[in-house]
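Visitor: task: produce atomic coordinates for the following.
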Amino acid sequence: MRTDSSPGTDPFLGVLPAREHLPAGVGDAPVLDVVIPVYNEERDLGPCVRRLHQHLVGTFPYRFRITIADNASTDATPDVAAAMAAALPGVRHARLEQKGRGRALRTVWSASDAPVLAYMDVDLSTDLNALLPLVAPLISGHSDLAIGSRLARSSRVVRGPKREFISRAYNLILRGSLQARFSDAQCGFKAIRRDVARVLLPLVEDSGWFFDTEMLVLAERAGLRIHEVPVDWVDDPDSTVHIVKTATDDLKGVWRVGRALAVGALPLDRLARPFGDDPRDRQVPGVPRGLARQLVGFCVVGVLSTLVYLLLYSGFRTFTGSQVANALALLVSAVANTAANRRLTFGVRGRDRAVRHQAQGLVVFAIGLALTSGSLAALGAASAAPAHSTELAVLVAANLAATVLRFLLFRAWVFPEPPAPASPPVPGAPHASRPVYDHELRTGR
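Guide: Next comes the predicted model:
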């Protein structure tokens, strides 16, 4: 079943195709390629591969492959990997001369011919019964990526308090700094569609443990769908992961990605829009597109801007008159308000037309200034020496009126929705496919 896609777009530009349900029993390539990245795991590798192979043979309804990705091991891991590949059908091994889990996954996934790519840690801490639910939404075309979550409510996890604290603290950091909505970035149990990986992986810089987090953050920001599966997970007390170093590298990665997102340096426009028919793109009579989300974002930015404005006004009022203090406070808060609404409310990334947007924002500022200044003038005419609290109350009321007008002007004039161009029909589709908007290619929305 093929969903609508964006026709007439050069696939080499990186726009994702429409999701399709993967057919069973067609061709010689496996449907699923499970990668096991390893470094010096000569003891655990054999039992792990045998157990995984037995599980897939007994439960997985599609052809599969298990790929052992050896990260420059210095023990007998390469020999064990070669023995497993020789003994078990559907098992192969790849040797990398450099360490790094992210490097191993990028290398093997990029070369794989399987339409669904997954990976799991060699310790098999995650119950394998979650593997089919993990990849099923990718096979059906419902989702773009899938992750196992140890922090979901129905997950059943056995691990020590130290790792529990670190995991939850890290995910709180991701939610607070990168606005991540997925619940568990570090669980070694993930899958991605190959067509998505082909476009997404070149954008991921990290080659170590932060690879997962960066991939998920970029996918989420690009509007891709991430499916989460609650898992049963038992901690491996013999894990070779260095917690302190890994945590330090992860925090450095959070800072790097957060800074890149803040300045619009990441080319998320390569992903354009989630491929497939997105109901948010449909024109519904009487329902403006994106209005609810924009109202929420605008209100949040507006509350914060009003607080900043009042603090600035109170500060400026200590050494100047009310009209000058109002103009200065409104000017500073208006510039910040326009920048915040541009990025957070209307989803415009990058520097394209940023100066123009600020200039239009200043026009909106002038209208707000006229409303608030007029209110102060009216208050001054009514009372020769109004109290400071009265001034603030009048300014709040005037700013509320200005805020409503500001949102309408922002939506209709500063950041308008571009008109939808006509789209040619998709061959074999029951109806015309949705258009590609210029602002989607620019903003990744």
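
Visitor: for P230, what are phi and psi?
Guide: Here is the backbone geometry of P230 (degrees, to the nearest 10): phi -60, psi 140.

Visitor: and for it, the neighbour number?
Guide: P230 has 19 neighbouring residues, counting by other C-beta atoms under 10 Å. (Each C-beta comes from the backbone N, C-alpha and C, glycine too.)

Visitor: name the SS class of P61, please.
Guide: Secondary structure for P61, judged by DSSP: H, G, I helix; E, B strand; the rest coil, is coil.

Visitor: tally of neighbours for it?
Guide: Other residues close to P61 by other C-beta under 10 Å number 11.

Visitor: for V135, see how far away it is.
Guide: Note on P61: its distance to V135, by C-beta to C-beta, to the nearest Å, is 11 Å.

Visitor: again with R343
Guide: 35 Å.

Visitor: comparing the two, which residue is more hemmed in?
Guide: Each of R343 and V135 has its neighbours counted (other C-beta under 10 Å); V135 has more, 27 against 19.

Visitor: where's that one, which helix or strand?
Guide: helix 131-140 (DSSP states H and E).

Visitor: and A118, that one's in a helix?
Guide: No. Using three-state DSSP, the assignment for A118 is strand, not a helix.

Visitor: could you find the closest non-adjacent residue to it?
Guide: What sits nearest to A118 in space, not counting adjacent residues and going by C-beta to C-beta, 6 or more residues apart in numbering, is A191, at 3.9 Å.

Visitor: likewise G102?
Guide: Sequence neighbours aside, F211 is the residue nearest to G102 in space, at 2.6 Å (criterion: C-beta to C-beta, 6+ apart).

Visitor: you'd agree the one you found is up against W109?
Guide: No. Using C-beta atoms under 8 Å, F211 makes no contact with W109, being 10.7 Å away.

Visitor: where does the residue located most distally from the centre of the chain land in three-state SS?
Guide: What lies farthest from the middle of the chain is A384; by C-alpha atoms, centre = their mean that is 54.9 Å. Following three-state DSSP, A384 is assigned to coil.

Visitor: where does the protein have low pLDDT?
Guide: Applying pLDDT under 70 to the chain picks out residues 1-19, 23-27, 237-244, 267-290, 418-445.

Visitor: strands of that one, start to end?
Guide: Counting by DSSP state E, the chain has strands at residues 32-38, 64-71, 91-96, 116-120, 145-149, 156-158, 189-193, 226-230, 232-234.

Visitor: mind listing what's buried along the last one?
Guide: Within strand 232-234, the residues that count as buried by 16 or more other C-beta atoms under 10 Å are D232, W233.

Visitor: where do the helices of the stretch 151-300 of the chain begin and end?
Guide: Per DSSP state H, counting those that start in this stretch, the stretch 151-300 of the chain carries helices over the ranges 161-178, 194-200, 211-221, 243-263, 291-317.

Visitor: of the ones you listed, which stretch is the most buried?
Guide: Comparing the helices of the stretch 151-300 of the chain by mean neighbour count (mean count of other C-beta atoms under 10 Å), helix 211-221 comes out on top with a mean of 23.

Visitor: could you say what helices and strands it packs with?
Guide: On a contact count with 3 or more C-beta pairs under 8 Å, 6 or more residues apart in numbering; DSSP states H and E, helix 211-221 meets helix 101-111, strand 145-149, helix 161-178, helix 194-200, strand 226-230, helix 243-263.

Visitor: how about CSV for the ones you listed, with distance to A401 added?
Guide: Compiled in CSV, these are given as follows (distance: least, C-beta to C-beta, whole Å):
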stretch, distance to A401
helix 101-111, 52
strand 145-149, 45
helix 161-178, 33
helix 194-200, 45
strand 226-230, 41
helix 243-263, 32
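
Visitor: so which of those comes closest to Y309?
Guide: Closest approach to Y309 among the helices and strands packed on helix 211-221 (C-beta to C-beta): helix 243-263, 22.4 Å.

Visitor: got the angle for that closest one vs helix 161-178?
Guide: Angle of helix 243-263 versus helix 161-178, following axes from the mean of the first three to the mean of the last three C-alpha atoms, to 10 degrees, is 10 degrees.

Visitor: and the angle from helix 243-263 to helix 211-221?
Guide: Interaxial angle of helix 243-263 relative to helix 211-221 (the same axes, to 10 degrees): 30 degrees.

Visitor: got a list of contacts for helix 243-263?
Guide: By C-beta atoms under 8 Å, 6 or more residues apart in numbering, the surrounding residues in contact with helix 243-263 are 162-163, 166, 170, 173-174, 177-178, 205-206, 208-210, 213-214, 217-218, 221, 265-266.

Visitor: before we move on, back to that, what residues are bridge-paired with the residue nearest to A118?
Guide: With DSSP bridges as the criterion, A191 is bridged to A118, A146.

Visitor: do the same with R65
Guide: D33.

Visitor: my read: A340 touches G302, true?
Guide: No. Between A340 and G302 there is no contact, the gap being 9.4 Å when judged by C-beta under 8 Å.

Visitor: with respect to A325, which of the helices and strands packed on helix 211-221 lies nearest?
Guide: A325 sits nearest to helix 243-263 of all the helices and strands packed on helix 211-221, at 30.1 Å, using C-beta to C-beta.

Visitor: which residues sit in contact with P230?
Guide: With C-beta under 8 Å, 6+ apart, P230 has these contacts: A130, G148, S149, A152, R153, S154, S155.

Visitor: try 7 Å
Guide: P230 sits next to S149, A152, S154, S155 when contact means C-beta atoms under 7 Å, 6 or more residues apart in numbering.

Visitor: from those, which would you call buried?
Guide: S149, S155.

Visitor: in CSV, list the contacts of P230 along with distance to L405.
Guide: Formatted as CSV, those follow (distance: C-beta to C-beta, whole Å):
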residue, distance to L405
S149, 44
A152, 44
S154, 47
S155, 48
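
Visitor: of all the contacts of P230, which two lie farthest apart?
Guide: Maximum pairwise distance among these (C-beta to C-beta): 9.4 Å, between S149 and S154.

Visitor: mind putting the helices of the stretch 151-300 of the chain in JSON lines, distance to G141 included?
Guide: Formatted as JSON lines, the helices of the stretch 151-300 of the chain follow (distance: least, C-beta to C-beta, whole Å):
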{"stretch": "helix 161-178", "distance to G141": "27"}
{"stretch": "helix 194-200", "distance to G141": "11"}
{"stretch": "helix 211-221", "distance to G141": "16"}
{"stretch": "helix 243-263", "distance to G141": "28"}
{"stretch": "helix 291-317", "distance to G141": "25"}
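
Visitor: nearest to I367, out of the ones you listed?
Guide: Nearest of those (C-beta to C-beta): helix 291-317, 15.1 Å.

Visitor: can you give me the end-to-end span of stretch 88-99?
Guide: Separation of the first and last residues of stretch 88-99 by C-alpha to C-alpha, to the nearest Å is 26 Å.

Visitor: tell me, how many residues neighbour T126?
Guide: Per other C-beta under 10 Å, the neighbour tally for T126 reads 23.

Visitor: start the count at 40 instead of 1 going forward.
Guide: Done: numbering now begins at 40, and the last item shifts to T165.
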